[in-house]
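Asks: Sequence first, then the predicted structure, then my questions.
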Amino acid sequence: MSIYGKYYNAMTGIMNDLAKTIEANSRKHEEETGEKLFEHLCCRIKSPESMLEKLEKKGLEATTYHALRSVTDAIGLRIVCLFIDDIYENIALIKSIPGCTVVREKDYIQNAKPNGYRSYHMVLDRITDAPDVDGNTPGHFFIEVQLRTIAMDTWAALEHELKYKRNIKNQDLIVQELHRCANELAACDVSMQTLRKIIRGQSGGVYEGFTCGR
Amino acid sequence: MKVLLAEDENDLREVVQDYLEFQGYLVDAVPNGAAAVEKLARDAYDAVVMDIMMPVMDGIAAMRKIRETGNTVPAIFLTAKAEVSDRVEGLDAGADDYLTKPFAMEELNARLRALYRRKRDYKTRTFTFGNLELDTESSELRAHNSIALSQKEVRLLCCLLSNTDKDMTVSELLSEVWTGEDASADIVWMYISFLNAKLQSVKANAAIQISDASGYRITEVKDV
């Protein structure tokens, strides 16, 4: 049995359920406006190995309780959007989902991390019929949601790779250049957002660009 | 500061080289324009001092070649002839200044200092306004976050930050930023939009506003 014990099945169910709800919201939005709310969505249960590593790093005992209560990203969901504004639209929609409350949120888009990392992080408390680790029914489970643009996602992928490589040559230089890339990608995201506003303003709010899949 | 000196008269070349070295410059000296072009292709210099009348390749032809390669090194011509056409041709070929022979060494030194000042102090400086900082060398805009700016955005913002006390008209901005380009008022408005979005994204407490006189001005805004 893994660190998640008997809760693993419930966690998978909660994760898939939330993903389906968000996808349904996006479909509805697409039917109404003709545009997708996000480019793609992916989710995962943190692998037991990574969870054990994280607990150890935090100086916590390797118990199911700590994995589900002291750490909030056992269930993770990532939404990757085309434009910055779309991120905030998705956030508003997620906040309106019944049985979901926001426990914590951090806007690393408006408050970029010193290394250049940008994303929006939310920790949700999801109510479910299944019992939780505290013995409550209905139970409460944490879900961490990350929202970012494609550019931010690409950057984070590279930064992640750097973080887990040891003994890299020119580490300082790479970190410095990665920070510059973060600033240039942010510049593109902001300029594209501005251009979209200008285009929409001029065409009376009707978006006549390409839409995928039709 | 490293200077390239191109002069075919041996005596003069040595005197100028000695003087500049005594003043603390690093000096490489060559006897003609072709050698100067070659040196500049291989090494970086902070300034070039070049005679016009030289064998193999004269100073004007050398200057044209240097500029064709995209090299913007500050250059001073030394001209024996006091003819206006000579000086005009030299300046048009890409020189920044000239001195007529015979000249005072102190004046050459002062002109080099002036060129260097223009290159360093004016081109690469940091502007501050409210909580924002514009680093023109790295093209970076910083406040609560940082973001990259395009070259045009840097020049436009520099222009506005140098004139915070008055409205800049569209035609003033066009001639300052889109110098010699076929650009319209629409592009100014579009770049102002880009800059405002970027100011907002770094949480700068400043915004560019359009004023009554249909000009633009950057002003501090509270509560962003």
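Replies: Yes, it's here. Please read all numbers here as calculations on a predicted model, not as lab measurements.
Asks: Might you enumerate the residues of chain B proximal to chain A?
Replies: Contact residues (C-beta under 8 Å from any C-beta of the partner chain) of chain B with chain A: B:138, B:140, B:144-150, B:190, B:193-194, B:197-198, B:201, B:203. Using the backbone N, CA and C atoms, a C-beta is placed for each residue, glycine as well.
Asks: Among those, which ones are in helices?
Replies: Within those, membership in helices is found for B:190, B:193-194, B:197-198, B:201, as judged by DSSP state H.
Asks: Separate out the buried members of the residues you listed.
Replies: Judged by neighbour count, with 16 or more other C-beta atoms under 10 Å in any protein chain shown as the criterion, the buried members of these are B:193-194, B:197-198, B:201.
Asks: could you pull out the strands for the chain?
Replies: Since you didn't name a chain, this refers to chain A. Counting by DSSP state E, residue ranges of the strands within chain A are A:40-45, A:75-81, A:100-107, A:120-128, A:139-149.
Asks: My question was about chain B, not that one.
Replies: With DSSP E applied, chain B shows strands at B:2-6, B:26-30, B:47-51, B:75-79, B:97-100, B:126-129, B:132-135, B:140-142, B:146-148, B:168-169, B:206-210, B:215-220, listed in chain order.
Asks: neighbouring contacts of stretch B:194-212?
Replies: With contact meaning C-beta atoms under 8 Å, 6 or more residues apart in numbering or on different chains, stretch B:194-212 is reached by A:110, A:186-187, A:190-191, A:193-194, B:129-132, B:141-147, B:149-150, B:153, B:156-157, B:160, B:167, B:192, B:216-222, B:224.
Asks: Switch the strands of chain B over to a markdown table; also include mean pLDDT and mean neighbour count.
Replies: Converted to a markdown table, these look like this (pLDDT from 0 to 100; neighbours: other C-beta atoms under 10 Å in any protein chain shown):
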| stretch | mean pLDDT | mean neighbour count |
| --- | --- | --- |
| strand B:2-6 | 93 | 23 |
| strand B:26-30 | 93 | 18 |
| strand B:47-51 | 93 | 26 |
| strand B:75-79 | 90 | 24 |
| strand B:97-100 | 90 | 16 |
| strand B:126-129 | 90 | 14 |
| strand B:132-135 | 94 | 19 |
| strand B:140-142 | 94 | 22 |
| strand B:146-148 | 94 | 23 |
| strand B:168-169 | 90 | 20 |
| strand B:206-210 | 91 | 17 |
| strand B:215-220 | 91 | 18 |
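Asks: of all the ones you listed, which lies closest to residue A:35?
Replies: Each of those was scored for nearness to residue A:35 using C-beta to C-beta, and the closest is strand B:146-148 (25.8 Å).
Asks: Quick check: which ranges of the chain have low pLDDT?
Replies: All of this is about chain A. A:1, A:202-214 (pLDDT under 70).
Asks: try again with chain B
Replies: Flagging of chain B using pLDDT under 70 yields the residue ranges B:81-82, B:119-124, B:212-213, B:223-224.
Asks: Quick one: name the residues of chain A near chain B.
Replies: Taking C-beta under 8 Å from any C-beta as the criterion, chain A approaches chain B at residues A:110-112, A:180, A:183-184, A:186-187, A:190-191, A:193-194, A:197-198.
Asks: switch the cut-off to 10 Å
Replies: With C-beta under 10 Å from any C-beta of the partner chain as the criterion, chain A comes near chain B at residues A:84, A:108-114, A:116, A:118, A:179-195, A:197-198, A:201.
Asks: Give me the buried entries from the residues you listed.
Replies: Neighbour-count burial (16+ other C-beta under 10 Å) applied to these gives A:84, A:108-110, A:112, A:116, A:118, A:179, A:181-187, A:189-194.
Asks: my guess is residue A:189 meets residue B:147, correct?
Replies: Yes - counting by C-beta atoms under 10 Å, residue A:189 does reach residue B:147; the two are 9.3 Å apart.
Asks: Out of the buried ones among the ones in helices among the residues of chain B next to chain A, which comes closest to residue A:75?
Replies: The closest of these to residue A:75 turns out to be residue B:201 (C-beta to C-beta; 30.5 Å).
Asks: Outline the domain layout of chain B.
Replies: Per automatic domain parsing, the structural domains of chain B span B:2-122, B:126-220.
Asks: Mind putting those into JSON lines with distance to residue A:141?
Replies: JSON lines is the format used below for the domains of chain B (distance: least, C-beta to C-beta, whole Å):
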{"stretch": "domain B:2-122", "distance to residue A:141": "60"}
{"stretch": "domain B:126-220", "distance to residue A:141": "33"}
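Asks: Can you check which of those gets nearest to residue A:173?
Replies: In terms of C-beta to C-beta, the element of those nearest to residue A:173 is domain B:126-220, at 14.5 Å.
Asks: Regarding that closest one, how distant is the last residue from the first?
Replies: End-to-end distance of domain B:126-220 (C-alpha to C-alpha, to the nearest Å): 18 Å.
Asks: from the chain's centre, how far out does that domain sit?
Replies: Once both centres are worked out by C-alpha atoms, centre = their mean, to the nearest Å, domain B:126-220 turns out to sit 19 Å from its chain's centre.
Asks: Residue A:83 is in contact with residue A:199, isn't it?
Replies: No - taking C-beta under 10 Å as the definition, residue A:83 is not a contact partner of residue A:199, at 11.6 Å.
Asks: Those two - which one has more neighbours?
Replies: residue A:83 (20 against 13; other C-beta atoms under 10 Å in any protein chain shown).
Asks: Who are the contact partners of that one?
Replies: Taking C-beta atoms under 10 Å, 6 or more residues apart in numbering or on different chains as the definition of contact, the neighbours of residue A:83 are A:35, A:38-39, A:89, A:149-150, A:189-190, A:192-193, A:195-197.
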